[in-house]
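> my questions concern the predicted model and sequence given below.
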Amino acid sequence: MKKTTLGVLYREKAVPLCEMQNQKVTEVVLLACGSFNPITNMHLRMFELARDHLQDTGQYNVVKGIISPVGDAYKKKGLIEASHRLEMARLATANSDWIKVDDWESLQPEWMETAKVVRHHYEELHAEDHNKDDVDTVKHGKKRRIEENHSESSRHQKRKDGPQLMLLCGADVLESFAVPNLWKQEDIAEIVGFYGLVCITRSGSDPYKFIQQSDELWTHHKNIHVVHEWITNEISATHVRRALRRGHSVRYLLPENVIDYIREQRLYSAESERKNADIVLAPLQRYTSASSSS
Ligand SMILES: Nc1ncnc2c1ncn2[C@@H]1O[C@H](COP(=O)(O)OP(=O)(O)OP(=O)(O)O)[C@@H](O)[C@H]1O
Ligand SMILES: NC(=O)c1ccc[n+]([C@@H]2O[C@H](COP(=O)(O)O)[C@@H](O)[C@H]2O)c1
């Protein structure tokens with residue numbers, strides 16, 4: 001510390017705000033679920049935007065990003081095989097030192113509700129702690145039940161030490177929370193209440209208003225981080241597939257190696273776009289029939 005002529009004390013070196021305020025910096029892992037059909041530059045930008053936003057608060061350090069392509073059972077119109085979508089995502093992230101692709105969701109025979117995917121990754125993330133707990137439990141001769149399947153229990157748990165897992169999505173996904181029967185209310189409560197959500201604005205959406213008008217989301221608004229994308233970029237996978245079907249250039253919308261892969265594998269034709277075309281609102285139907293039968 002130094003004294004100026006005005007008698008004001010100042011530090012010689014810039015000190016992060018969180019350190020000055022004795023705040024704890026929480027490590028964060030970002031998880032993005034979606035079709036990635038195909039992965040676009042905007043999907044990758046989402047991660048960069050979210051990381052900058054969280055780190056600018058001085059409260060978070062983003063240590064990893066996970067891309068989780070949805071499985072084939074999602075049966076969305078024009079959804080090509082998960083193996084291709086995974087490979088494209090791997091190629092797109094080959095140069096990133098923090099964004100990784102995970103195939104667990106895509107390998108599930110059934111469509112996985114997003115809350116289940118988040119739970120799975122949360123468990124994976126804290127698996128090391130579990131193993132350590134196991135050793136400690138044996139060491140101290142105490143019997144402590146460590147649940148393997150947290151399908152129902154996660155939301156009742158206290159958040160564990162270690163990185164916080166947050167779901168990363170565009171504002172369209174947040175707004176889809178209001179589509180009747182598309183999301184279970186308890187899943188929404190668990191995602192925003194227990195884990196946390198980072199939402200990137202998209203043109204035509206108003207996430208602030210949406211959160212303000214929902215009692216459930218408002219209750220957890222401190223766990224919802226809205227990232228305003230100033231450099232608006234409306235790349236959408238649907239538009240990219242349309243351009244590809246028409247033989248138009250998609251250069252600078254997708255990473256070059258992904259474009260090469262699409263060309264080599266002859267992906268995205270009129271025929272691939274007709275896939276699942278007869279299944280209207282696949283997840284909605286599947287979800288309502290699944291919940292009515294349970
Ligand atoms: N331009 C964008 N701005 C903000 N978020 C985006 C953008 N494009 C995609 N996302 C987000 O990326 C995630 C995965 O996207 P997904 O592949 O499911 O949708 P999409 O690119 O909008 O594709 P489609 O056009 O086929 O619906 C979602 O959370 C979606 O909201
Ligand atoms: N109830 C749910 O958990 C639920 C409902 C709709 C979509 N989703 C997920 O949202 C993501 C984006 O879906 P779309 O590609 O249809 O926009 C997908 O990963 C999908 O699995 C989850």
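That came through, no problem. Ligands and ions are numbered 1, 2, ... in the order given.
> ok, Leu44 touching Ala94?
No. Between Leu44 and Ala94 there is no contact under Cβ atoms under 8 Å: 11.3 Å. Any C-beta I mention is one placed from the backbone N, CA and C, and that applies to glycine too.
> got the CA coordinates for stretch 231-246 in PDB?
Output of stretch 231-246 as PDB, limited to C-alpha atoms (Å, rounded to 0.1, in the frame of the first residue of the first chain):
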ATOM      1  CA  ILE A 231     -22.400  -9.000 -31.900                       C
ATOM      2  CA  THR A 232     -25.700 -10.600 -33.000                       C
ATOM      3  CA  ASN A 233     -25.200 -13.700 -34.900                       C
ATOM      4  CA  GLU A 234     -28.200 -15.600 -36.100                       C
ATOM      5  CA  ILE A 235     -26.400 -18.700 -37.500                       C
ATOM      6  CA  SER A 236     -28.800 -21.500 -37.100                       C
ATOM      7  CA  ALA A 237     -28.300 -25.200 -37.900                       C
ATOM      8  CA  THR A 238     -31.600 -25.200 -39.800                       C
ATOM      9  CA  HIS A 239     -30.400 -22.400 -42.100                       C
ATOM     10  CA  VAL A 240     -27.100 -24.100 -42.600                       C
ATOM     11  CA  ARG A 241     -28.800 -27.400 -43.600                       C
ATOM     12  CA  ARG A 242     -31.000 -25.500 -46.100                       C
ATOM     13  CA  ALA A 243     -28.000 -23.800 -47.700                       C
ATOM     14  CA  LEU A 244     -26.200 -27.200 -48.000                       C
ATOM     15  CA  ARG A 245     -29.200 -28.800 -49.600                       C
ATOM     16  CA  ARG A 246     -29.200 -26.000 -52.200                       C
END
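> avg pLDDT for that stretch?
For stretch 231-246, the mean pLDDT works out to 94.
> got the contact list for the spatially closest residue to Glu113 that is not a sequence neighbour?
Closest residue in space to Glu113, ignoring its immediate chain neighbours: Asp187 at 6.0 Å, by Cβ to Cβ, 6 or more residues apart in numbering. For Asp187, the contacting residues are 113-115, by Cβ atoms under 8 Å, 6 or more residues apart in numbering.
> quick check: Asp187 is in a helix.
Yes. Counting by DSSP: H, G, I helix; E, B strand; the rest coil, Asp187 is found in a helix.
> more neighbours, Leu44 and Ala94?
More neighbours surround Leu44 than the other of Leu44 and Ala94, with 21 against 12 (other Cβ atoms under 10 Å).
> on the three-state scheme, the more buried one is what?
Under three-state DSSP, the three-state class of Leu44 is helix.
> what about the nearest residue to it once chain neighbours are set aside, distance to ligand 1?
Spatial nearest neighbour of Leu44, chain neighbours left out: Ala92 (6.2 Å); criterion: Cβ to Cβ, 6+ apart. Separation of Ala92 from ligand 1 (Cβ to the nearest ligand atom, to the nearest Å): 12 Å.
> ditto for Trp98
Here Trp98 is placed at a distance of 17 Å from ligand 1 (Cβ to the nearest ligand atom).
> what residues are bridge-paired with the most centrally placed residue in the chain?
By Cα atoms, centre = their mean, the chain has its centre lying nearest to Ala32, at 2.2 Å. With DSSP bridges as the criterion, Ala32 is bridged to Ile67, Leu168.
> might one say that it is in contact with Met46?
Yes. Between Ala32 and Met46 there is a contact under Cβ under 8 Å: 6.5 Å.
> Leu167: neighbour count?
Neighbours of Leu167 (other Cβ under 10 Å): 23.
> against Met46, how distant is Val173?
Val173 is 11 Å from Met46, where distance means Cβ to Cβ, to the nearest Å.
> do Leu79 as well
The gap separating Leu79 from Met46 is 20 Å, by Cβ to Cβ.
> more neighbours: which of the two?
Each of Leu79 and Met46 has its neighbours counted (other Cβ under 10 Å); Met46 has more, 26 against 22.
> this structure: helices as residue ranges?
Applying DSSP state H to the chain gives helices spanning 17-20, 41-56, 82-92, 114-125, 127-139, 171-175, 185-190, 207-213, 215-219, 237-245, 256-265, 270-273, 282-293.
> okay, buried residues for the longest one please.
The one in question is helix 41-56. For helix 41-56, a neighbour-count test (16 or more other Cβ atoms under 10 Å) marks 41-44, 46-47, 49-51, 53-54 as buried.
> what does the third one give?
The neighbour-count check on helix 82-92 (16+ other Cβ under 10 Å) flags 82, 84-92 as buried.
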